[in-house]
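Engineer: this one's structure only:
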């Protein structure tokens, strides 16, 4: 069965055509990356996933990137006004970012570190649901930190970390409400309740 066209010849699949086989053929053999399950996670909002995907590829237009492009920009962080030429300062060495994570930890009873957050994400333990919800919280924080950075750059104003943490938590709750609670164990529901994320839907 014909599968595709390669180097001037038609490639043939012995087992016959299937959409899955065709997709695998187009994708090719590529090494797995450790962050894939963290970025493409069913609990994380798509817009949050996209920002995270840009980060792992070093594609966010942070000030250090703009300098490399030959642009004359201030090297200070827009959120904390500290001079830095490092692209990873914003997540989570910036004082604003640390305050945001601290506020989230207080409200959810979590233990997300205020530094090395991305390393922590790669070494967490828990059920698939717990890991997914934790990822949703962290990527939500990353997305909104980037939004606040741009807001500060343009409008010279930011949302208080305490208020922003509430917005992030509400987005995670909305995502959770869209899940099927019938397929969750009692232990998982208890965990969500303990983190103030479990909302009964009539």
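Structural biologist: The structure has been received and is ready for your questions. Nothing here was measured: the structure is a model prediction, and the numbers come from that model.
Engineer: switch to C-alpha atoms for all contacts and neighbour counts from now on
Structural biologist: Will do.
Engineer: just checking, what's the longest helix in the protein?
Structural biologist: Criterion DSSP state H: the longest helix present in the chain is helix 128-155.
Engineer: and that helix, average pLDDT?
Structural biologist: Helix 128-155 carries an average pLDDT of 90.
Engineer: so which bits of it are buried?
Structural biologist: 129-146, 148-152 (16 or more other CA atoms under 10 Å).
Engineer: I'd like the distance from it to the chain centre, please.
Structural biologist: Relative to its parent chain, helix 128-155 has a centroid offset of 7 Å by CA atoms, centre = their mean, to the nearest Å.
Engineer: which other helices and strands does it contact?
Structural biologist: helix 46-56, helix 95-108, helix 161-177, helix 186-194 (3 or more CA pairs under 8 Å, 6 or more residues apart in numbering; DSSP states H and E).
Engineer: so that helix versus helix 46-56, what angle?
Structural biologist: With axes from the mean of the first three to the mean of the last three CA atoms, to 10 degrees applied, the angle from helix 128-155 to helix 46-56 works out at 80 degrees.
Engineer: kindly state the domain boundaries assigned to this structure.
Structural biologist: The domain map for the chain lists 1-30, 34-194, with the assignment taken from automatic domain parsing.
Engineer: could you tell me the least trusted of those domains?
Structural biologist: Confidence, taken as mean pLDDT, is least for domain 1-30 of these (a mean of 63).
Engineer: now the residue lying closest to residue 165 once chain neighbours are set aside: how far from residue 194?
Structural biologist: Once flanking residues are discounted, residue 165 sits nearest to residue 104: 5.5 Å by CA to CA, 6 or more residues apart in numbering. The spacing between residue 104 and residue 194, counted by CA to CA, to the nearest Å, is 14 Å.
Engineer: of the two, who's got more company?
Structural biologist: Between residue 104 and residue 194, counting by other CA atoms under 10 Å, residue 104 is the more crowded of the two (24 against 13).
Engineer: can you tell me which residues contact the more buried one?
Structural biologist: When contacts are counted by CA atoms under 8 Å, 6 or more residues apart in numbering, residue 104 touches 110, 165-166, 169.
Engineer: wait, what's in contact with residue 96?
Structural biologist: Residues near residue 96 by CA under 8 Å, 6+ apart: 79-80, 161.
Engineer: among the domains of the chain, which is the most enclosed?
Structural biologist: Ranked by average neighbour count under the criterion mean count of other CA atoms under 10 Å, the domains of the chain are headed by domain 34-194 at a mean of 16.
Engineer: any idea how far the residue nearest the centre of the chain lies from residue 175?
Structural biologist: Nearest residue to the geometric centre of the chain (CA atoms, centre = their mean): residue 139, 2.9 Å. Per CA to CA, residue 139 is found 13 Å from residue 175.
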